[in-house]
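Chemist: I'll drop the sequence and a predicted model, then ask my questions.
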Amino acid sequence: MTINELRTKRAKAWESAKAFLDSHRNDKGVLSAEDDATYARMENDISELGKEIARMERLEAMDMEMSKPVSTPIIEKPEAAKVETKVGRATDDYKKAFWNHARKRDSYEVRNALQIGTDSEGGFLVPDTFEKTLITALEAENVIRKHAHVFTTSHGSHKIPVVSTRGTAAWVDEEGQIPESDDAFGQQLIGAHKVATLIKVSEELLNDSAFDLEGYFTKEFARRIGNAEEAAFLSGNGTAKPTGILADVGGAEIGVTAASETAITADEIIDLFYSLKSPYRKNAIWVLNDSTIKAIRKLKDHNGQYLWQPALRDGEYDTILGKRIFTSPYAPEIGAGAKSIAFGDFSYYWIGDRQGVSFKRLNERYAETGQVGFIATKRVDAKLILPEAIKVLQQKGSAT
């Protein structure tokens with residue numbers, strides 16, 4: 001079944017679910033327990049179809065990437081072609097030495113080549129090609145990183161000037177004094193917090209040349225570090241980790257406080273939409289948990305239209321009030337005091353990557369079990385530069 005056929009099937013399932021809701025609500029506007037169970041099954045079918053569509057889209061993107069030509073035609077004279085000179089961690093020699101060291105195939109030449117990437121903690125900085133692959137994988141796993149403004153800094157803290165108060169114009173009489181009105185500048189400081197993970201690999205696998213060590217490390221380090229980053233980018237408190245978008249201090253502004261601890265209304269979603277200033281709404285997206293999407297699917301606006309709309313054709317996407325939806329398992333579920341929905345322009349969330357992912361091999365620590373440990377560390381910090389650029393819906397707090 002093609003992607004478009006799946007989309008059509010999901011759209012029909014959604015129309016059936018809407019019709020079921022409209023025809024089975026009682027005079028109080030709610031479903032009976034039996035009807036609610038039936039609707040839950042219909043909604044689950046819609047969710048499963050959505051997941052299959054997403055899987056096929058990823059496969060399609062991967063097929064397109066893999067089908068690209070591995071070489072380009074020669075359009076210049078050979079003598080006129082420019083040769084790119086690789087230096088430092090970008091060289092093939094460094095890459096070869098790095099992976100030989102990972103497999104413990106050390107020699108004088110290997111250690112000499114690795115001196116280029118020695119870090120301050122006794123490890124080695126990964127080759128440029130591996131780092132770029134790792135960062136790309138992080139973006140694929142990480143909703144916030146994908147939509148934030150990401151920059152790389154080589155060392156130290158990064159100071160970002162921010163206009164905290166804007167100047168204004170005023171009407172004045174002829175030859176009257178023009179009042180002063182200057183912009184007031186603040187400053188955001190992005191430093192570097194360490195995120196790390198440890199992988200153990202058996203000595204037998206390391207000695208097996210058929211084992212794709214680079215591919216395994218890329219995938220596993222990206223998954224672990226990506227998950228830790230995503231959680232911090234959303235809920236980090238700024239202590240030994242980045243300041244998250246939902247942080248109480250330094251996070252997004254509260255646009256709407258829900259009247260319930262456990263539910264959200266259509267009016268509250270619409271109020272959240274318009275609590276964000278119109279310039280930020282142009283590139284705004286929704287970020288929320290999958291379970292919150294399930295609650296929103298039942299909501300209608302004042303015209304009787306459902307707020308959630310599924311993608312129907314290739315290139316389209318699911319929307320709420322016309323804006324694209326992204327889900328993250330690290331977004332809070334609906335609950336007392338939870339910030340369950342974020343809506344805004346996430347490019348105002350700045351992520352600073354300290355250049356270089358560090359890698360260290362532990363030879364003796366797991367020797368008795370025939371394993372070798374590998375530690376990967378990365379330094380990163382992040383802050384929301386303009387809190388007004390993202391608004392959140394917060395559930396009512398629990399009664400005390």
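Modeler: Nice, I can see it.
Chemist: Which strands and helices lie in contact with the helix or strand harbouring Asn4?
Modeler: Assigned by DSSP states H and E, Asn4 belongs to helix 3-24. Applying 3 or more Cβ pairs under 8 Å, 6 or more residues apart in numbering; DSSP states H and E, one finds that helix 3-24 makes contact with helix 33-66. The way it works is simple: take the backbone N, C-alpha and C, and place the C-beta from them, glycine included.
Chemist: ranges for the helices of this protein?
Modeler: For the chain, helices defined by DSSP state H occupy the ranges 3-24, 33-66, 92-102, 108-114, 128-141, 143-147, 203-207, 213-235, 266-275, 278-281, 290-296.
Chemist: Adding distance to Lys396, write those helices out as a markdown table.
Modeler: Formatted as a markdown table, the helices of the chain follow (distance: least, Cβ to Cβ, whole Å):
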| stretch | distance to Lys396 |
| --- | --- |
| helix 3-24 | 25 |
| helix 33-66 | 23 |
| helix 92-102 | 52 |
| helix 108-114 | 57 |
| helix 128-141 | 33 |
| helix 143-147 | 26 |
| helix 203-207 | 52 |
| helix 213-235 | 19 |
| helix 266-275 | 11 |
| helix 278-281 | 25 |
| helix 290-296 | 15 |
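Chemist: Which one, of those, ends up nearest to Gln355?
Modeler: Closest approach to Gln355 among these is made by helix 128-141 (8.6 Å; Cβ to Cβ).
Chemist: pLDDT averaged over that closest one - what is it?
Modeler: Per-region confidence: helix 128-141 scores 66 on mean pLDDT.
Chemist: rewinding a little: going by mean pLDDT, which of the helices of the chain comes out lowest?
Modeler: When these are compared by mean pLDDT, helix 108-114 comes last with a mean of 43.
Chemist: Give the buried residues for the helix holding Asn4.
Modeler: Neighbour-count burial for helix 3-24 flags Ile3, Leu6, Arg7, Lys9, Arg10, Ala11, Ala13, Trp14, Ala17, Phe20, Leu21 (criterion: 16 or more other Cβ atoms under 10 Å).
Chemist: what's around Glu229, how many residues?
Modeler: The number of residues packed near Glu229 is 24, by other Cβ atoms under 10 Å.
Chemist: Identify the residue nearest it in space, chain neighbours excluded?
Modeler: Asn142 (5.8 Å; Cβ to Cβ, 6 or more residues apart in numbering).
Chemist: Same question for Ile3.
Modeler: Distances taken as Cβ to Cβ, 6+ apart put Met56 closest to Ile3, at 5.0 Å, once the chain neighbours are dropped.
Chemist: cool, and Ser202?
Modeler: Gln371 (5.5 Å).
Chemist: same thing with Thr153?
Modeler: If the residues on either side of it in the chain are set aside, Thr153 comes closest to Gly352, at 5.4 Å by Cβ to Cβ, 6+ apart.
Chemist: Run through the bridge partners of the one you found.
Modeler: Phe151, Asp381 (DSSP bridges).
Chemist: hang on, the earlier thing: per-residue pLDDT of the residue nearest to Ser202, please?
Modeler: Confidence at Gln371, expressed as pLDDT, is 85.
Chemist: what ranges of the stretch 251-400 of the chain fall below the confidence cut-off?
Modeler: Flagging of the stretch 251-400 of the chain using pLDDT under 70 yields the residue ranges 399-400.
Chemist: what about the strands in it?
Modeler: Taking DSSP state E, counting those that start in this stretch as the test, the strands found in the stretch 251-400 of the chain are 253-257, 285-288, 308-309, 319-320, 323-327, 339-344, 349-354, 358-362, 371-384, 390-394.
Chemist: okay, those strands, which one's buried deepest?
Modeler: With neighbours taken as mean count of other Cβ atoms under 10 Å, the strands of the stretch 251-400 of the chain reach their highest mean count in strand 339-344, at a mean of 27.
Chemist: can you state the direction angle for it and strand 349-354?
Modeler: 90 degrees (axes from the mean of the first three to the mean of the last three Cα atoms, to 10 degrees).
Chemist: Direction included, what does strand 339-344 pair up with?
Modeler: With DSSP bridges as the test, strand 339-344 is paired with strand 285-288 (antiparallel), strand 390-394 (antiparallel).
Chemist: got the CA positions of the shortest one in CSV?
Modeler: Extracted in CSV, the C-alpha atoms of strand 285-288 (Å, rounded to 0.1, in the frame of the first residue of the first chain):
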residue,chain,number,x,y,z
ILE,A,285,4.6,24.9,15.4
TRP,A,286,2.9,22.9,18.1
VAL,A,287,5.0,20.6,20.4
LEU,A,288,3.1,18.2,22.7
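Chemist: On the pLDDT front, check Ser32 for me.
Modeler: pLDDT, Ser32: 87.
Chemist: quick one: it from Ala367, how far?
Modeler: Going from Ser32 to Ala367 by Cβ to Cβ, to the nearest Å gives 64 Å.
Chemist: now swap in Ala228 and tell me
Modeler: Here Ala228 is placed at a distance of 28 Å from Ala367 (Cβ to Cβ).
Chemist: quick one, which of those two is more surrounded?
Modeler: Between Ala228 and Ala367, Ala228 has the larger neighbour count (other Cβ under 10 Å), namely 19 against 12.
Chemist: What's opposite the residue nearest to that one when sequence neighbours are not counted in the beta bridge?
Modeler: Nearest non-adjacent residue to Ala228, counting by Cβ to Cβ, 6+ apart: Val195, 5.1 Å away. Beta-bridge partners for Val195, by DSSP bridges, are Lys378.
Chemist: quick revisit: can I get the strands paired with strand 339-344 in CSV including distance to Ala222?
Modeler: Formatted as CSV, the strands paired with strand 339-344 follow (distance: least, Cβ to Cβ, whole Å):
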stretch, distance to Ala222
strand 285-288, 20
strand 390-394, 26
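Chemist: Give me the distance between the closest residue to Tyr366 other than its chain neighbours and Lys194.
Modeler: Closest residue to Tyr366 apart from its sequence neighbours, by Cβ to Cβ, 6+ apart: Gly373 at 5.4 Å. Separation of Gly373 from Lys194 (Cβ to Cβ): 17 Å.
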